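**Q** Need a 3D model of the sequence below.
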Amino acid sequence: MMIGFGVLGEIQAYSDGVAVDLGPARQRSVLAALLVDINRTVPVEGLVDRVWGVRPPQRGRPTLYSYLSRLRRALDSMADEASTDRASIVRRPAGYALLADPGVVDVRVFSDLVGQARAADDGRAAVLFERALGLWRGEPFAGVDTPWFNSLRESLLGERHACRLDRNDVQLRRGHHAALLTELAACHEALPLDERLAAQFMLALYRSGRTADALRCFERVRHALAEELGSDPGLELGRLHQRVLANDPAIGAPGAPGTTAVAAPAAGAVPTSGIPSPQDRALPRQLPAAPPWFTGRQRELAELDKALGQAGQPGGAVAVCAVSGSGGVGKTSLAVHWAHRNTDRFPDGQLYVDLRGFDPSGEPLAPAAVVRVFLDALGVGSGSIPVDQQALSGLYRSLVAERRMLIVLDNAADATQVAAVLPGSAGCAVLVTSRRRLTGLAVTHGAYLLPLDVLTASESRDLLGRHLGEDRLAADPEAVTAVLEHCAGLPLAISVVGARAAARAGFPLAVFAEELQDQSARLDALDAGDLSANVRAVCLVSYRALTDGAAEVFRLLGAAPGPEIGLAAAGSLLGRSPAETRAALRELETVHLVQQSAPYRYRMHDLIRLYAAERAAVDQSEESRERALRRVLDFYLHTACAGAKVLTPLQHHHLELEPPLDGVTPQAPADQTAVMSWFRAEHACLLAAQGFAGRQRWDFLVWQLARVLDGFLWRQGRLHDHVALWRTGLAAAERLGEGTARAWAHRRLAHACARSGNHDDALHHAGSALAAAEEAGDLSEQARIHDVTAWSWAQQGDDRQALTHVRHSLRLHRVGHDPLAQANALNAVGWYEARIGDYRGAMAHCEEALEIHRRHGFRDGEACTLDSLGFIAHAAARHDEALAYYHRARALFHDLGNLYEEANTLANLGDVHLALAQPDEARHNWRQAVSLYDAQHRTEDVRRLQVKLARTRGVST
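**A** Coordinates of the predicted model:
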């Protein structure tokens, strides 16, 4: 049985000449998406993108699998068991492939025939070209409308047109001009700006004795080019016009008197007949229009001046600068803006080409195609352009040699694509843009690498103002702030919102800010109706360029909680080794989908993260997502637990966890310095992880994360975070229904509320904690709750009520025989005794506490007790003794990273210095305390010290 497939028209399959039912249109497009890459693997996400475009359905993958299953059955029906001519769809690790002889697909046959024709003599070529054109039944992939198919359709139509032009040249050389006239007339009417086609039509008219029509054809082309492009006909068409005017016999029909046969140049030779002499060389001015909304970027413009400023000077080297950055960050705008500002430096012209390295509508341009574009711009006729790649490059480099030109290579795929079209001699400057960091170009060609980041806040506002005008921005500053926050400095996003808002001048800007508020719909609002003005589509192009492994990493990073992720956490998220994780992250970093905010800490732009999360929901199974997220949360929990045992051993020495999940490699910080460094780097991720676990109702994780993060937040004085941590932790403990967990959560929330000044909530949660602890019969927990209750009463000024509670706490701790807990209670009793004036009793209790803390090496307790002794000495007017205690306490708090208590001790030191008539020293300590209070959002404490600073202003020692 003979099988075949057709895509050059409607998508078809046939067996022995009989059409096969391929199902609905979308199913047929799946077949076509595999046919064009026959015998090659197409990733699943690639198939989804090809078939549905930038907005696949929610159940895109299951629908795709259903189509593939039906297509398999259809293909199986096309061949019997004995047939060797068959096609099949197979599943491979990276995706799907359609396996068959390429010769059964019309588009492959077309390509092969065209290649054979171009290598054949004219007689044979004419036959092959006609056979190739005869395969076409209409527009490729008729009825399919997605960006990928539309782009491929345009490319194939371009190949058909090139085939026709080559066929026309062959037939004209063979003297068949009369047979071509009708077709040439129709094609010229449809494509009036195609100069090669116009030249063929003019030549056919002239050879048919219609000289006047040939001249009128030229005038129409000249007028159309001037109207549409603002340019004149090229040199080749201009020469043909002159020859027609002169009735040159050399262009007459083959075999006519005076006609001269011209042989094609040999491969590898550089033809010279169509190459302009130096005095006739064209001065190309190919730069696109300057970007109308360009703003800011002063630092980057200065760097471009520095990198390319020495170019164009005789005897200098070729200067190359590569601007890289994420899609939509404004690389092309920067390059074109700089180029327009500096055209006077390059009097011999400016070449520009979009290399289509990251393009939603096409494949990257081949270097040979780029060189041909440049040769055409430099005035080289099409008949003089070599076929051989080496000769092609040689001609190009010869023509730009010793010329002072600017060459802008926009949207490069990689360093290899760029290197192939760099000039070879001095005088030129090359400005490259790419989403990829072109490090290889720096190594091989000394390129200056200029990474481009998002706009600053002021630049972002200026860009929005250029779209909307200052009056509209001033009318609603809150909406402006919201829009700019959600666009996160990405110029494309700001411009899309600006353009949409400008088109709806009567709409309040708040309408557009509200559209951006919803994360799930934010990318929908950043779509101006064109692929190049659609943030989602721009992200898709970068995503398509990733390997399968890096694409999975990209998706999972989008799903992971937290504003950034460390290398070790990423390894657990992925379940990979550090080397594998680093390699995948390096690939993402190279194309600017992630960036290192600090060594081995990776961050995504907010909008890229939203897109990554979308891809995770579509391309990653729910099961694999959940496994990955549980792994990274398990990493955070185990590493934080190890750190908590170092920071607060009294609270966490008994905390034991289940072994980590497979693929999880927790870290083990060695000492308090390493622990505090890790917590500072990860605390935002830890809070986000706890919040995510809460939304998933992974309550045991939520509760345990609260416990292990508590000590760090307490030390750092992160009051709002501390309250939020325990509100989430309490909700999980309540759902767990375990008495001790509930008591713990209520107690810690009470403490956090008391510290942040919410005393009513503090007492409420302390009461709830005590009830839960009494119900559970937990005496040590009851004792700790009395400590917190005492703190709450003291913050409200009732020191005697506070003293009652800490004495109760001490009695309970003595029953429990926990020396460190007893020492803490002794210190608390001493503190509140001092507050009510019982300095003798206070001193005795605090000295007993200090001895226990030092004996057991509990430095937190030692620091707190030294602070209490300083307070007692100060209250008893023993100021020098107070200074000594406070300085030792402050040094310990600083070493321990306990910024909350360090701030309090600094404030107390200031008070003692003032009592010693040392106002300068007092103000110095108060200012340090204010700085710490301000960072902790302790506004009342800031105001209290600012009053003291104001009162002592102008007073000197």
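
**Q** what residue is smack in the middle of this protein?
**A** Centroid check for the chain by C-alpha atoms, centre = their mean gives Leu593 as the closest residue, at 3.2 Å.

**Q** I'd guessed it sits against Arg555; true?
**A** No: counting by C-beta atoms under 8 Å, Leu593 does not reach Arg555; the two are 10.9 Å apart. All C-beta spots, glycine's among them, are computed from the backbone N, C-alpha and C.

**Q** list the residues that contact both of these two?
**A** By C-beta atoms under 8 Å, 6 or more residues apart in numbering, Leu593 and Arg555 have these common neighbours: Ala612.

**Q** Please enumerate the helices of the stretch 301-450 of the chain.
**A** Along the stretch 301-450 of the chain, counting by DSSP state H, counting those that start in this stretch, helices occupy 331-341, 367-377, 389-400, 415-419, 439-445.

**Q** List the contacts of the last one.
**A** The list of residues contacting helix 439-445 from outside it, by C-beta under 8 Å, 6+ apart, reads 318, 320, 322, 414-416, 418-419, 422, 432, 447-449, 590.

**Q** which secondary structure elements does the helix or strand hosting Glu183 contact?
**A** Using DSSP states H and E, Glu183 sits within helix 177-190. Helices and strands touching helix 177-190, as assessed by 3 or more C-beta pairs under 8 Å, 6 or more residues apart in numbering; DSSP states H and E, comprise helix 147-173, helix 195-207.

**Q** out of the ones you listed, nearest to Ala844?
**A** Ranking the helices and strands packed on helix 177-190 by proximity to Ala844 (C-beta to C-beta) places helix 147-173 first, at 81.2 Å.

**Q** list the buried ones in the closest one?
**A** Using 16 or more other C-beta atoms under 10 Å as the burial criterion, the residues of helix 147-173 that qualify are 147-153, 156, 159-160, 163-173.

**Q** With stretch 527-535 instead?
**A** Neighbour-count burial for stretch 527-535 [16+ other C-beta under 10 Å]: 527-528, 531, 533-535.

**Q** Work out for me the element Gly659 sits within.
**A** Check again: residue 659 is Pro, not Gly. Going by DSSP H and E, Pro659 is not in any helix or strand.

**Q** measure it to Arg59 for me?
**A** Look at Pro659 and Arg59: by C-beta to C-beta, to the nearest Å, they are 37 Å apart.

**Q** Could you do His894 as well?
**A** In terms of C-beta to C-beta, His894 sits 57 Å off from Arg59.

**Q** who has more neighbours, those two?
**A** Using other C-beta atoms under 10 Å, the more surrounded residue of His894 and Arg59 is His894, with 15 against 11.

**Q** could you say which helix or strand contains the more buried one?
**A** His894 belongs to helix 879-896, assigned by DSSP H and E.

**Q** Give me the mean pLDDT for that helix.
**A** The average pLDDT within helix 879-896 is 94.

**Q** So which bits of that helix are buried?
**A** Judged by neighbour count using 16+ other C-beta under 10 Å, the buried positions of helix 879-896 are 879, 881-883, 885-886, 888-890, 892-893, 896.

**Q** Do a quick rundown of the strands in the protein.
**A** Along the chain, counting by DSSP state E, strands occupy 3-6, 12-15, 18-19, 88-92, 95-99, 319-324, 350-354, 406-412, 429-434, 448-451, 564-566, 595-598, 601-603.

**Q** Adding mean neighbour count, mean pLDDT and distance to Glu862 as columns, could you present those strands in a markdown table?
**A** Output for the strands of the chain, formatted as a markdown table (neighbours: other C-beta atoms under 10 Å; pLDDT from 0 to 100; distance: least, C-beta to C-beta, whole Å):
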| stretch | mean neighbour count | mean pLDDT | distance to Glu862 |
| --- | --- | --- | --- |
| strand 3-6 | 22 | 92 | 82 |
| strand 12-15 | 20 | 91 | 83 |
| strand 18-19 | 10 | 88 | 89 |
| strand 88-92 | 13 | 89 | 64 |
| strand 95-99 | 19 | 90 | 63 |
| strand 319-324 | 25 | 95 | 53 |
| strand 350-354 | 21 | 94 | 68 |
| strand 406-412 | 24 | 96 | 62 |
| strand 429-434 | 27 | 96 | 58 |
| strand 448-451 | 17 | 95 | 49 |
| strand 564-566 | 23 | 96 | 32 |
| strand 595-598 | 14 | 90 | 33 |
| strand 601-603 | 19 | 96 | 34 |
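
**Q** do you know which of those strands lies nearest Leu647?
**A** Comparing the strands of the chain by C-beta to C-beta, strand 564-566 comes nearest, at 18.8 Å.

**Q** elements contacting the closest one?
**A** Under the contact definition 3+ C-beta pairs under 8 Å, 6+ apart, strand 564-566 sits against strand 601-603, helix 672-695.

**Q** coming back round to it: go through the buried residues of stretch 527-535 and name the one nearest Asp934.
**A** Minimum distance to Asp934 across the buried residues of stretch 527-535 is 37.0 Å, recorded for Val535 (C-beta to C-beta).

**Q** any idea how far the residue lying closest to that closest one once chain neighbours are set aside lies from Ser88?
**A** What sits nearest to Val535 in space, not counting adjacent residues and going by C-beta to C-beta, 6 or more residues apart in numbering, is Leu526, at 4.0 Å. Taking C-beta to C-beta as the measure, Leu526 falls 42 Å from Ser88.
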